[in-house]
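# When you get a sec, could you give me coordinates for this:
(one chain, ligands or ions: 1)
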Amino acid sequence: MRNNIDGHFLLIGLMAYPIRHSLSPQMQNTIYSKLKVPYVYLAFEVDKKKLPDAIKGIRALGLRGSAVSMPNKQLVCQYLDKLTPAVEMSGACNTISNDNGVLTGYNTDGMGYMRMLKEANIDVIGKKITILGAGGVATAIVVQAALDGVKEITVFNQKDECYTKIEAIAKKLNQNTQCYVRVIDLADKDKLRKEISDSVVLCNATGVGMKPLEGKSLITDPTMLTPDLVVTDCIYSPRKTKLLEIAEQQGCKILNGIGMMLWQGAAQIKIWTGEDAPIEYVREQMGFND
Ligand code: NAD
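Numbers count the residues shown, from 1 in each chain. All right, here's what the predicted structure looks like:
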């Protein structure tokens with residue numbers, strides 16, 4: 001336990017419900033200790049009902065900021081003073097910064113994904129990518145990729161409520177960015193093959209591949225994946241999903257969700273403390289290299 005916390009330390013929260021299982025407090029506090037910066041990160045069980053008071057608490061107690069997770073990512077936007085373009089576009093915020101009483105909402109999930117690609121020397125700017133999924137994580141990635149300069153994004157999803165939501169976001173992105181985003185039914189396997197073959201990166205942003213769908217993959221025909229394709233999966237448990245296994249066998253470069261998680265946390269640390277997170281140290285300390 002840390003015994004050096006004095007009256008100058010500032011609190012950073014995590015507001016979500018349920019939240020006790022989260023790895024973020026351990027990850028964030030490990031980094032603050034290593035960086036020797038005066039912050040403490042604690043998880044708070046905050047559901048939709050408690051959220052308005054929790055935000056008032058950030059202001060009243062002078063928290064440096066807070067992470068925000070389900071079920072609050074959308075709802076929280078209305079209580080903040082400023083939103084970044086990515087939050088405006090996606091309608092979802094996972095990070096609040098309190099700068100002298102002004103609360104700004106960021107979304108670092110998409111930033112984390114894009115940074116993970118950059119760190120792996122995968123250049124997607126001006127190119128095309130294909131994304132499986134249209135939920136919270138997929139939306140954050142699509143929006144950040146479009147804002148960062150990816151030229152074309154094809155989203156495949158089943159025809160559920162996520163499909164309708166991302167269609168509306170695609171329309172906004174097509175009107176307001178240089179990127180062209182199209183949304184296609186996942187059931188159309190011919191189009192899936194075609195879009196993947198034109199892409200430099202394929203990203204799984206669905207839960208297919210983790211419990212209770214562990215061992216399953218949305219791509220079942222290995223010939224859809226050629227060695228020049230980079231295949232990424234947002235899932236980090238298991239470390240190697242069925243999709244990544246198939247992709248590796250096909251000779252593709254593969255990346256799991258650990259990098260995205262680490263880099264989205266690093267983006268939060270930059271926002272709250274101004275410091276660069278020691279990513280390799282965290283990987284080691286958290287056992288992510290195992
Ligand atoms: P979500 O519930 O918002 O979206 C789930 C998406 O999966 C939807 O598009 C849905 O249509 C699709 N889907 C669900 N079941 C399906 C099925 N059987 N067949 C086809 N599509 C299906 O979830 P989310 O918050 O966007 O999370 C998506 C994934 O990202 C999860 O696996 C989660 O573990 C992972 N994740 C990773 C990180 C990270 O930092 N690496 C962070 C958060 C979430």
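# residues contacting Ile125?
Asp148, Gly149, Val150 (Cβ atoms under 8 Å, 6 or more residues apart in numbering). Backbone N, C-alpha and C define where each C-beta goes, glycine included.
# I'd assumed Leu117 was in contact with the first one.
Meaning Asp148. No. In this structure, Asp148 is not within contact of Leu117 by Cβ atoms under 8 Å, at 9.7 Å.
# hey, where'd the strands end up in the stretch 101-250 of the chain?
All strands of the stretch 101-250 of the chain, identified by DSSP state E, counting those that start in this stretch, fall at 102-106, 128-132, 152-157, 180-185, 201-204, 230-233.
# just to revisit the earlier point, what about Asp148 and Leu117, which has more around it?
Leu117 (25 against 18; other Cβ atoms under 10 Å).
# My guess is the more buried one contacts Val124. True?
Yes. Counting by Cβ under 8 Å, Leu117 sits close enough to Val124 to count as a contact (5.9 Å).
# Any chance you could list residues touching both of those two?
In contact with both Leu117 and Val124: Val201, using Cβ under 8 Å, 6+ apart.
# list the contacts for the nearest residue to Lys165 once chain neighbours are set aside?
For Lys165, ignoring the flanking residues on the chain, the nearest one in space by Cβ to Cβ, 6 or more residues apart in numbering is Ala134 at 6.8 Å. By Cβ under 8 Å, 6+ apart, the contact set of Ala134 is Val155, Asn157, Cys162, Tyr163, Lys165, Ile166, Val183.
# can you do 7 Å?
With contact set as Cβ atoms under 7 Å, 6 or more residues apart in numbering, Ala134 has these partners: Val155, Asn157, Cys162, Tyr163, Lys165, Ile166.
# And for Met70?
Shown in contact with Met70 (Cβ under 7 Å, 6+ apart): Ala16.
# and the residue in the stretch 1-150 of the chain that the ligand sits nearest to, backbone torsions?
Closest contact between the stretch 1-150 of the chain and the ligand, by Cβ to the nearest ligand atom, is at Gly135 (1.9 Å). Note on Gly135: its backbone torsions stand at phi -80, psi -160 [degrees, to the nearest 10].
# which one is it nearest to, not counting chain neighbours?
Spatial nearest neighbour of Gly135, excluding adjacent residues (Cβ to Cβ, 6+ apart): Cys162 at 5.1 Å.
# Count the residues that sit near the one you found.
Cys162 has 19 nearby residues by other Cβ under 10 Å.
# Ok, Asp160 next?
For Asp160, the count of nearby residues is 11 (other Cβ under 10 Å).
# that older thread, closest one of the contacts of Ile125 to Ala92?
Asp148 (17.0 Å; Cβ to Cβ).
# Verify the stated contact: that closest one with Met114.
Yes. The pair Asp148 / Met114 is scored as a contact, 5.5 Å apart, by Cβ atoms under 7 Å.
# you'd agree Leu213 is up against Asn204?
No. Using Cβ under 7 Å, Leu213 is not in contact with Asn204, being 11.0 Å away.
# So if I had to pick from those two, which one is more boxed in?
Asn204 (28 against 15).
# Was I right to think that one contacts Asp233?
Yes. Between Asn204 and Asp233 there is a contact under Cβ under 7 Å: 4.5 Å.
# Overlap in contacts, those two.
Residues within reach of Asn204 and of Asp233 at once, by Cβ under 7 Å, 6+ apart, are Leu243.
# closest to Lys82 out of the strands of the stretch 101-250 of the chain?
Judging these by Cβ to Cβ, what sits closest to Lys82 is strand 102-106, at 4.3 Å.
# For the residue nearest to Lys165, give me the backbone phi and psi.
Per degrees, to the nearest 10, the backbone of Ala134 is at phi -150, psi 20.
# on that earlier part again, most packed of the strands of the stretch 101-250 of the chain?
Among the strands of the stretch 101-250 of the chain, strand 201-204 has the highest mean neighbour count (mean count of other Cβ atoms under 10 Å), at a mean of 27.
# Which residues does that one contact?
With Cβ under 7 Å, 6+ apart as the criterion, strand 201-204 contacts 117, 122, 124, 129-133, 141, 196, 218, 229-235, 243.
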